[in-house]
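> Below are the sequence and a predicted model for it; my questions follow.
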Amino acid sequence: MLPEGELVYVEQIHTMREYELTTLYVDYGHLLQKDDVLADAIQKQYYRFLPYIRRAVHNLVAEFEPEYLKLNPTAAATDSVNLQSREFNVAFYHLPLVSGIRDLRTDKIGTLMSISGTVTRTSEVRPELLYGSFVCEVCGGLVNEVEQQFKYTEPNLCPNPTCGNRHAWQLQIDSSKFTDWQKVRIQENPSEIPTGSMPRSLDVILRSEMVERAKAGDKCVFTGTFIVVPDVSQLGLPGGNKAELMREASRASGNTGASSVGGVGVTGLKTLGVRDLQYKTAFLACMVHNADGRAGTNIRGEEEEGQDDGQAFARSLTEPEFEELKQMIESDHIYSRLVESIAPTVYGHEIVKKGLLLQLMGGVHKQTQEGMHLRGDINICIVGDPSTSKSQFLKYICSFLPRAVYTSGKASSAAGLTAAVVKDEETGDFTIEAGALMLADNGICAIDEFDKMDISDQVAIHEAMEQQTISIAKAGIHATLNARTSILAAANPIGGRYDRKKTLRANVAMTAPIMSRFDLFFVVLDECDEKSDLNIAKHIVNVHRFQDEAIHPEFSTEALQRYIRYARTFNPKLTPEAADVLVEKYRILRQDDASGTGRNSYRITVRQLESMIRLSEAIARANCTAEITPAFVREAYSLLRQSIIHVEQDDIDFDEEELEGERDGNRRTRNEGADADAEMEDSQDVEMSAAELAATEEAEQSYNESMGVNGSGPSGSRSHATSRAGSAMPDGNAPAPPPKPKRRMVITHDKFMQLQSLIILHLSQVERETGKGVDRDELIDWYLELKENEMQDVEELEFEKELITKMLRKLVKDNYLLEVRGDVQESLPSIDESSGQPSYDSQDGGNVRVYYMVHPSVDADDALESSMPA
């Protein structure tokens, strides 16, 4: 309700004079309140009433600001001849009903209405001739105020009675009236499209002060009238529609046999090439505003000019909204509570929700003195097994943000993501049509199935992800367009499921440049866990049973949007302590990256240092503080660490490998001369697990010791003891004492790699210094001395000794080391005097010294790199 006695529109006329505006903005609600008959008449007969409404504004200005009526474009002296009156417009807003594009029917023509849609293309602003002044080229007479009707309209006849000129006219530009004109193409909002229908489009015509109000990608409400205009562009084409004429000509020639003798004569104007007048519809808008009600609800907050501060945003809120925002800011642990309110329908995944909250907050955009832009937007990629609610996150973000675009990888081309150059139907010029990344400017572009996208299309996103621009050089257009958008991508691993034995790089079908441009990678694994599975199942069933009642987020979506909008007005700065922590954490990440066998080394680059800065800024914004403390940096570091899943390698089991070797040997000897039963037994042996075989060996050995049989004796006695063990044990007459469990020779892959590089480095160093290999006993002693501090008792010493022995054997087998028996010179075959045979020592002889050297194919420098401490 208006306060009594307040003359809103008189005040507005004074403001128009002050700021040199020509449009009076009228709230339709005021009109309904004051005179509903008038409001109804204007609504139903708007196009008819329009000239009279304009005249009424003209009279109002004449009453209160009479000097403002005239403008003087010729800048001559103030003689009344050259003074020209201004054109005033009226813009209605706050109509009670907003229609969709599909609701426009014939009965709506000429009525005042509002429609909503998403802007897809805007033309440049051109001058439109409203009233022309023409000079007769024959007699020089002047014809003023010739109204233009949909096309360039000249006077029919010269007013001079002695001059009969109808064609020779020249436009006098300085006394003609022009106004700004722009054509905008809008498309239905995605939520309003019925099932199975294509989105409809409509041209909207904007004039005078309404131009440049709508930009591509905005969801806008246009108030005005639906009009029908003759399609003048078709009239101007010489010969009309060629294809149609040719079809008609062929039809005529096919129907008549007498076509050779002049045909059947002229049957109508169509055959002569004069076409029927085509009509097309358009929407003449008098008012444009954002569909979000308040103009300040662009959630991302970064306006090009006049970025509003927190106070200005707070003033635009209602009292209850402001109170709620104040309570949220002052409450404890707001960061974790905000995370819980993001995507409430998805159970768990707190880490991913943290990332999404920080993406909505964003870092601070910076600009260097040279004009270089430093990106503040955070890009996230979610990689995960099927059915881990990746697409749910994407859909939630798209519904949460006003400027968010959802695309799918396989169905998107490079031009559809960035920008396409299309030919304008009317003018024939090439214009740029915005793609998904441009439409999501200052928003988030969600790309699902990112891994299914063609590599050539992924390359198109490179520039948009780091420089945040899109450069085009096609069809004579050279342009650099803004694409200040965050990218949220979801991808499936290669082969459907994430393989933990491979690196992240090997799991995802992406190039290294794209991967380094993502600030955060979230790997969501579908792991079996009884407790979490039960909770997820309960949550999903409850959502299906009770719908909205099953979910109780602490903050509503609207409250979250307001909080994020307010938080984005902060520009946090790093404290010196936080800067030191940041540098240290980056060093740790970088070292980790190069550890092991060079895994993940593609991942941590200087971009990840910038990512930590951006994440720290976003966490500070989420806490509504202007300073970044070391705690925020640590939180950002832990988030970044989540994406570096360490590769799981199988443990190295030396017992298993030796048994495999023995089995292979047994199989070879048996296959030479053995019967079918023996083969069957052998196959059963192979199927036994390594643990069972080890256990049986231990049992045999312990039994032999208890019976006083020396295991290293002649083979006959050993086999005899074994057979007796086989017969005695089931009887239970001579129970063996419980064997002491033997420690199994199993080490992790990481330890194996460390040992391998340690041995290779030591050997290569000795080789460089002496030119010889290292004796086996010396090598074992060197290793044991190295491990002396870690060993507690004799058993551990024996274990380490056996471990290094088996390790050396495995390295020889894998071609990392060369085993040389005797000294290097002595190992050459020399002829023994007595026998004339080469004097090679037997394999089992223990009196020969064994030397180890690094295999020529092994690069010692690589071993050095991979031995960096993790």
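Cool, the structure landed.

> Kindly state the beta-bridge partners for Ser85.
Lys70 (DSSP bridges).

> cool, the one 5 residues further on as well?
When bridges are assigned using DSSP bridges, the partners listed for Val90 are Leu24.

> start the count at 56, not 1, going forward
Yes, from this point I'll number from 56; that puts the last item at Val145.

> quick one: low-confidence ranges for the chain?
Residue ranges of the chain with pLDDT under 70: 56-61, 127-138, 204-205, 286-332, 347-365, 481-482, 647-658, 698-799, 877-903, 915-925.

> biggest helix in it, by residue count?
Among all segments of the chain classified by DSSP state H, the helix with the greatest residue count is helix 804-825.

> So which elements touch it?
Judged by 3 or more Cβ pairs under 8 Å, 6 or more residues apart in numbering; DSSP states H and E, helix 804-825 is in contact with strand 829-830, helix 831-841, helix 849-868, strand 872-876, strand 905-909, helix 915-921. Using the backbone N, CA and C atoms, a C-beta is placed for each residue, glycine as well.

> can you do 10 Å?
strand 707-708, strand 829-830, helix 831-841, helix 849-868, strand 872-876, strand 905-909, helix 915-921 (3 or more Cβ pairs under 10 Å, 6 or more residues apart in numbering; DSSP states H and E).

> right, and those - which one's nearest Met71?
Met71 lies closest to helix 915-921 among the helices and strands packed on helix 804-825, at 73.2 Å (Cβ to Cβ).

> Correct me if wrong: Ile516 contacts Ala469.
Yes: counting by Cβ atoms under 10 Å, Ala469 is a contact partner of Ile516 at 8.4 Å.

> quick one on the thing from earlier: so of the helices and strands packed on helix 804-825, which one's packed in deepest?
strand 905-909 (a mean of 21; mean count of other Cβ atoms under 10 Å).

> How far does that one sit from its chain's centre?
54 Å (Cα atoms, centre = their mean, to the nearest Å).

> Give me the angle between it and helix 831-841.
Strand 905-909 runs at 70 degrees relative to helix 831-841, counting by axes from the mean of the first three to the mean of the last three Cα atoms, to 10 degrees.

> Who does strand 905-909 pair with, and is each partner parallel or antiparallel?
strand 829-830 (antiparallel), strand 872-876 (antiparallel).

> Reformat those as JSON lines; add distance to Gln663.
Shown next, in JSON lines, are the strands paired with strand 905-909 (distance: least, Cβ to Cβ, whole Å):
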{"stretch": "strand 829-830", "distance to Gln663": "41"}
{"stretch": "strand 872-876", "distance to Gln663": "38"}
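
> Tell me which of those strands lies nearest to Thr208.
That would be strand 872-876 among the strands paired with strand 905-909, by Cβ to Cβ, at 96.0 Å.

> got the CA coordinates for the closest one in CSV?
Provided in CSV are the C-alpha atoms of strand 872-876 (Å, rounded to 0.1, in the frame of the first residue of the first chain):
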residue,chain,number,x,y,z
LEU,A,872,70.9,-57.6,-11.1
LEU,A,873,73.5,-59.9,-12.6
GLU,A,874,74.8,-62.8,-10.6
VAL,A,875,78.4,-63.5,-11.1
ARG,A,876,80.0,-66.6,-9.5
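
> State the distance from Cys836 to Gln809.
Actually, residue 836 is Asp. It isn't Cys. 19 Å (Cβ to Cβ, to the nearest Å).

> for Tyr402, same thing?
From Tyr402 to Gln809 the distance is 40 Å (Cβ to Cβ).

> ok, now Val875?
25 Å.

> repeat for Ala495
Taken as Cβ to Cβ, the span from Ala495 to Gln809 is 47 Å.

> Repeat that for Ile659.
21 Å.

> what do you get for Asp574?
Relative to Gln809, and taking Cβ to Cβ, Asp574 is found at 32 Å.

> Next: Glu425.
47 Å.

> the more surrounded of those two?
Neighbours per residue, other Cβ atoms under 10 Å: of Glu425 and Gln809, the larger number sits with Gln809, 19 against 5.

> Hmm, the more buried one is touching Ile802, no?
Yes: between Gln809 and Ile802 there is a contact under Cβ under 10 Å: 9.5 Å.

> Find the nearest non-adjacent residue to Leu866, please.
The shortest distance from Leu866 to any non-neighbouring residue, by Cβ to Cβ, 6 or more residues apart in numbering, is to Leu872 (4.5 Å).

> and the gap between the one you found and Thr803?
As judged by Cβ to Cβ, Leu872 and Thr803 stand 21 Å apart.

> Can you list the neighbours in contact with stretch 381-394?
Stretch 381-394 is contacted from outside by 365, 369, 372, 405-413, 415-416, 608-610, 614-615, 617-619, 621-622, 674-675, 677-679, 687, 690, using Cβ atoms under 10 Å, 6 or more residues apart in numbering.

> so what's Tyr334 closest to, chain neighbours aside?
Leaving out its chain neighbours, the residue that sits closest to Tyr334 by Cβ to Cβ, 6+ apart is Val283, at 5.2 Å.

> hang on, I meant Val905
Arg831 (4.3 Å).

> and that neighbour, what does it touch?
Here Arg831 is in contact with Ile859, Thr860, Leu863, Glu874, Arg876, Arg904, Val905, Tyr906, Tyr907 (Cβ under 10 Å, 6+ apart).

> Farthest pair within these?
Maximum distance among these (Cβ to Cβ): 18.5 Å, for Ile859 and Arg876.

> which stretch among the helices and strands packed on helix 804-825 comes nearest Pro151?
Nearest to Pro151, of the helices and strands packed on helix 804-825 and by Cβ to Cβ, is helix 915-921 at 71.8 Å.

> elements contacting the helix or strand hosting Ile527?
Following DSSP states H and E, one finds Ile527 within strand 524-529. Packing partners of strand 524-529 (3+ Cβ pairs under 10 Å, 6+ apart): helix 469-472, strand 474-478, strand 485-489, helix 491-494, helix 516-521, strand 532-537.

> that older thread, neighbour count winner among Ile516 and Ala469?
Ranked by neighbour count (other Cβ under 10 Å), Ile516 and Ala469 place Ile516 first, with 26 against 17.
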